[in-house]
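Asker: Whatever this is, show me its structure:
(one chain, ligands or ions: 1)
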Amino acid sequence: MNKPLVGIVMGSDSDFPVMEEALKVLDSFSIKYEVTIASAHRTPEKTSQFSRNARDRGMEVIIAGAGWAAHLAGVIASGTTLPVIGVPIDSSPLNGLDSLLSTVQMPAGVPVATMAIGKGGARNAAVFAAQILSLKHSEINEKLDAYRKNMGMSVEEKDNKLREKLKADR
Ligand code: RP5
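Answerer: Next comes the predicted model:
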């Protein structure tokens, strides 16, 4: 895996603290990615070039995160038939509800797989990207299985800790 399989695009550097969550998950799966700041309204030409060239550059999935009137994921989806995963960022006075609706409400024909608002959505975007990639890259499948197993184990740990705390407190 030499070329980045995932293209991560965000509208501004102010989106990075949220989008970083996606990077962390992809790192944990050893999936190579490329990070770009491109804005649908501030740098429309760069955004459109990115999406038009992504497939030829070897990318297989794109994650796009943006806030406010978040048309970034939709604009990127319009220039490629690669799967585009959208992350609505909670950077506006409407706390991301505007970005959620702008990202999810794509008219029929050009879909954006839209995740939850904010950091949880960014994490899920990376997990979902890994799930798409696992169809072709079987080594990612094993990592996804381990991820799910660890998640289950951490819930069990929390359950045990809470039970012990309640026993001690009462
Ligand atoms: C959107 O506008 C970006 O995705 C960001 O969430 C928001 C604000 O951008 P900055 O003004 O912080 O650069 O395009």
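Asker: what about the longest helix in the chain?
Answerer: Secondary structure of the chain per DSSP state H: the longest helix is helix 138-169.
Asker: Residues of this protein that sit close to the ligand?
Answerer: Proximity of the chain to the ligand (C-beta under 6 Å from any ligand atom) is limited to residues 11, 12, 14, 15, 39, 66, 67, 68, 89, 91. Heads up, the C-betas are built off the backbone N, CA and C, glycines and all.
Asker: Using a markdown table, lay out these together with distance to residue 138, pLDDT and secondary structure.
Answerer: Output for these, formatted as a markdown table (distance: C-beta to C-beta, whole Å; pLDDT from 0 to 100; DSSP: H, G, I helix; E, B strand; the rest coil):
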| residue | distance to residue 138 | pLDDT | secondary structure |
| --- | --- | --- | --- |
| 11 | 34 | 98 | coil |
| 12 | 36 | 98 | coil |
| 14 | 37 | 98 | helix |
| 15 | 32 | 98 | helix |
| 39 | 36 | 98 | coil |
| 66 | 32 | 98 | strand |
| 67 | 36 | 98 | strand |
| 68 | 39 | 98 | coil |
| 89 | 33 | 98 | strand |
| 91 | 37 | 96 | coil |
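Asker: List only buried entries from those residues.
Answerer: By neighbour count, with 16 or more other C-beta atoms under 10 Å, the residues of the chain next to the ligand hold 11, 12, 15, 39, 66, 67, 68, 89, 91 as buried.
Asker: Hmm, the first one is touching residue 73, no?
Answerer: Read that as residue 11. No: assessed by C-beta atoms under 8 Å, residue 11 is found out of contact with residue 73, at 9.7 Å.
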